[in-house]
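Visitor: what's the 3D shape of this:
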Amino acid sequence: MGLVEIDTSNEDLFKPYEFKVLPKGKHRFEVANDLVVEPAKSSDNNVIKVELRCQDEDENKGSVVFDTFVLIENPQTEKHRKSRQINQGRLAQFAVACGVRTKEEIESGKGIPLDEFKGKICDAITRIVPYKDPNTGEAKQSAKIARYLFEPEGN
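Guide: Sure, this is the predicted structure:
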């Protein structure tokens, strides 16, 4: 094992770290992780988790936004069918925005190759979403992807 020395002169040593919230608006992102299908924690569905690092040439560079695509394999209700439709649409738009597939390739039935996303660049619109910190109950905010931009004019 070993012993790790801690700099005890740091007066913020025991304060929780506050992450900067990426402001709402259009941003450029790099896909920072390998995309894999994994089981969801709270349902029988599978998910694809994405870590996006902001590439804007300003104080936001390096800020992280997470996104999740839920893969509903066997929708049982109208709500499940609608959720499946929305998630598949968002994943298809993400693939086109990253240049991994074209609209025509997706429409022709080609699958989406998850192993081609890491390092790809895409543009997206973010929004700010309030949430309660599960540890403290404190009101916080986080940036979420509102939509991926895949048309040449950015619409």
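Visitor: Pull out the buried positions in stretch 48-66.
Guide: For stretch 48-66, the neighbour count (16 or more other Cβ atoms under 10 Å) marks 48, 50, 51, 52, 54, 55, 60, 63, 65 as buried. For glycine as for every other residue, the C-beta is placed from the backbone atoms N, C-alpha and C.
Visitor: can you list the weak-confidence ranges in the chain?
Guide: Within the chain, the segments meeting pLDDT under 70 span 1, 152-155.
Visitor: again, only using 80
Guide: Applying pLDDT under 80 to the chain picks out residues 1, 16-19, 151-155.
Visitor: so where do the strands sit in this protein?
Guide: Secondary structure of the chain (DSSP state E): strands located at 25-31, 37-39, 46-54, 64-71, 121-132, 139-149.
Visitor: thinking again about what came up before, so can I have TSV of the buried residues of stretch 48-66 showing distance to residue 17?
Guide: Shown next, in TSV, are these (distance: Cβ to Cβ, whole Å):
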residue	distance to residue 17
48	27
50	22
51	17
52	20
54	18
55	22
60	18
63	14
65	17
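Visitor: Is it possible to get JSON lines of the strands of the chain that adds distance to residue 88?
Guide: Converted to JSON lines, those look like this (distance: least, Cβ to Cβ, whole Å):
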{"stretch": "strand 25-31", "distance to residue 88": "19"}
{"stretch": "strand 37-39", "distance to residue 88": "13"}
{"stretch": "strand 46-54", "distance to residue 88": "11"}
{"stretch": "strand 64-71", "distance to residue 88": "8"}
{"stretch": "strand 121-132", "distance to residue 88": "17"}
{"stretch": "strand 139-149", "distance to residue 88": "13"}
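Visitor: which stretch among those comes nearest residue 106?
Guide: Judged by Cβ to Cβ, the one of the strands of the chain that comes nearest to residue 106 is strand 139-149, at 13.1 Å.
Visitor: Check which helices and strands that closest one sits against.
Guide: strand 64-71, helix 78-98, strand 121-132 (3 or more Cβ pairs under 8 Å, 6 or more residues apart in numbering; DSSP states H and E).
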